[in-house]
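In: how does the following fold in three dimensions:
(chains A and B)
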Amino acid sequence: MDDGELGDAVDRARSGDRTAFGIVYREVHPMLLGYLRGLIGDEADDIASETWHDVVRDLRGFRGDGQAFRGWAATIARHRALDHLRRISVRPRTTSLDDRTDEPATSQGSEGVALENLSTERALSLIAELPQDQAEAVLLRVVLGLNGPMAADVLGKRPGAVRTACHRGLKRLSERLSGSEEK
Amino acid sequence: MKDSPEDEPWPAPDLAERLLDGKEIAQESAGSDPRIADLARLLTAADGTLAGRADDERAALQAFAREFTQAPAQARGGVSGRSVRRSVRGSRGAKAMIGGAAALFALGGVAIAAQTGALPRPFHSGTSAPVTGKATTAPATPSNRQSIPKATGATRRPAPFSPPPVTHPQHTTGAPEVPGLKGLCESHLKAAQRGRSLDSPSLSRLEEAAGSAAGVDAYCSALTSQPGGHTPSPASHPTHPTHPATARRK
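Out: Numbers count the residues shown, from 1 in each chain, chains lettered A, B, ... in the order given. Here you go, the predicted structure:
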């Protein structure tokens, strides 16, 4: 579904068309889930549900095309995810963004990653191992399909900074895939 | 495989953007550097569809139905309660504006009628005075000005205070009438009996109708003695009710 089609569905949903809202949900929910899976792991489904609750509540006030809607939904999801991480920050967790260092984990050594039959979950987990700014930037660009400026809006950063984070993330992913990453 | 030198960004910016956008990578780029093909494969896998929980979709649809059926008016056009209140206020405001405009027109009509002599003046007896056919020969300005209160007054106030309807010369039968002159004459005669006189504008009208100041008494006596109120004799000049100031300028 392209941005125009998604935008049309969003417009119909805003006017109360339940079928159109179903189309929007089935188009955008997997993207949100992928983004959240990279952000917070197994809690992604719960946070995505909370995100849709907010989307439904505020849908009437939304104006924009399909890309703008994805960006808006991603912003809501991100805020929800960060709230979630703050809530659980009193408990020790090893998979949250707050616990990540600037350097990626190298749990698999230098033997590289087998790309045959690579699952979506595995690919997301590889991206999630990137430093937070790189991981988020790559997820927004690749999983939610946002362009550079829209991803920058979601992250509250300048487009140039997000672009740099993306390119560094790709380089690091390539190193991870080939097993040549620096430790 | 060795890392790229620090001064040579890898992947190249354009190629990185194509990968991030999910666009196809040229065969030569992927073929010459297997890392590009591997990255493309990884990103394609990450962009795959994750199966969500069925209950979540159902809950979202129910939330949507609740949100958009509890407030159908808002859902249809985003019309909030504030907007509805605003529209009510707008309706009241429109009514007030219409009422105000009607009052303004009415007052304007009264003002113009008073200016042109179509309204009863002091001591007006209430009977319509004749209008002479020569009114049609008068300059256009006063004639046109006169037509406004006539039309207004005819619809708002019936006889005896209403001025006569606008008549065209070809439709006029008998002697034309000048509105209000008979009443003015009666008032003039009564005032004269008491040793008083009419106000200046009223007297000017009578002088104009009579042709001279000296002829007012005779004119009014003749006019008030006629049961139909017709002019005793045709005047040598337009006898329609003109503004006193206009009459004086003539």
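In: three-state assignment of the spatially most central residue of chain A?
Out: Residue closest to the mean C-alpha point of chain A, counted by C-alpha atoms, centre = their mean, is A:Tyr35 at 2.3 Å. Three-state assignment for A:Tyr35 (DSSP: H, G, I helix; E, B strand; the rest coil): helix.
In: got the contact list for it?
Out: Going by C-beta atoms under 8 Å, 6 or more residues apart in numbering or on different chains, A:Tyr35 touches A:74, A:77-78, A:139-140, A:143-144. Using the backbone N, CA and C atoms, a C-beta is placed for each residue, glycine as well.
In: from those, which single one is nearest A:Arg18?
Out: For these, the residue nearest A:Arg18 by C-beta to C-beta is A:Ala77; the value is 22.0 Å.
In: is that closest one in a helix, a strand, or coil?
Out: Here A:Ala77 is recorded as helix under three-state DSSP.
In: domain map for the chain?
Out: I went with chain A, as the question did not name one. A:1-99, A:101-183 (automatic domain parsing).
In: oops, wrong one, chain B.
Out: According to automatic domain parsing, the ranges for chain B are B:1-35, B:114-249.
In: what mean pLDDT does the last one get?
Out: Just to be clear, that refers to domain B:114-249. Averaged across domain B:114-249, pLDDT comes to 54.
In: cool, and stretch A:167-183?
Out: Stretch A:167-183 carries an average pLDDT of 82.
In: same check on stretch B:33-53?
Out: Mean per-residue pLDDT for stretch B:33-53: 87.
In: list the buried residues in it.
Out: B:33, B:35-36, B:38-43, B:45-47, B:50, B:52 (16 or more other C-beta atoms under 10 Å in any protein chain shown).
In: would you list the residues you listed in TSV and tack on distance to chain A?
Out: Formatted as TSV, those follow (distance: C-beta to the nearest C-beta, whole Å):
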residue	distance to chain A
B:Asp33	9
B:Arg35	5
B:Ile36	8
B:Asp38	5
B:Leu39	5
B:Ala40	10
B:Arg41	5
B:Leu42	5
B:Leu43	5
B:Ala45	4
B:Ala46	4
B:Asp47	6
B:Leu50	5
B:Gly52	5
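In: in helices, which of these fall?
Out: B:35-36, B:38-43, B:45-46 (DSSP state H).
In: which one of the buried residues of stretch B:33-53 is nearest A:Leu170?
Out: Using C-beta to C-beta, B:Leu39 comes nearest to A:Leu170 of the buried residues of stretch B:33-53, at 6.0 Å.
In: any idea of the pLDDT on the residue nearest to the centre of chain A?
Out: Reading off the model, A:Tyr35 has pLDDT 95.
In: picking that back up, worst average pLDDT in the domains of chain A?
Out: Comparing mean pLDDT across these, the weakest is domain A:101-183, with a mean of 83.
In: which one is B:Leu43 nearest to, not counting chain neighbours?
Out: Distance criterion C-beta to C-beta, 6 or more residues apart in numbering or on different chains; nearest residue to B:Leu43, sequence neighbours excluded, is A:Val142 at 5.0 Å.
In: next, the contact list for that neighbour, please.
Out: A:Val142 sits next to A:127, B:20, B:22, B:43, B:46-47 when contact means C-beta under 8 Å, 6+ apart.
In: likewise A:Ala77?
Out: Per C-beta under 8 Å, 6+ apart, neighbours of A:Ala77: A:32, A:35-36, A:47-48, A:51.
In: skipping its backbone neighbours, what lies nearest A:Asp26 in space?
Out: One correction, residue A:26 is Arg, not Asp. Excluding the flanking residues, the one nearest A:Arg26 by C-beta to C-beta, 6+ apart is B:Glu57, at 7.4 Å.
In: what helix or strand is the one you found located in?
Out: Taking DSSP states H and E as the definition, B:Glu57 sits inside helix B:54-70.
In: helices or strands up against that helix?
Out: Judged by 3 or more C-beta pairs under 8 Å, 6 or more residues apart in numbering or on different chains; DSSP states H and E, helix B:54-70 is in contact with helix A:18-40, helix A:44-58, helix B:72-77.
In: just send these back as TSV, with distance to A:Gly160 too.
Out: Conversion of these to TSV gives the following (distance: least, C-beta to C-beta, whole Å):
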stretch	distance to A:Gly160
helix A:18-40	22
helix A:44-58	28
helix B:72-77	41
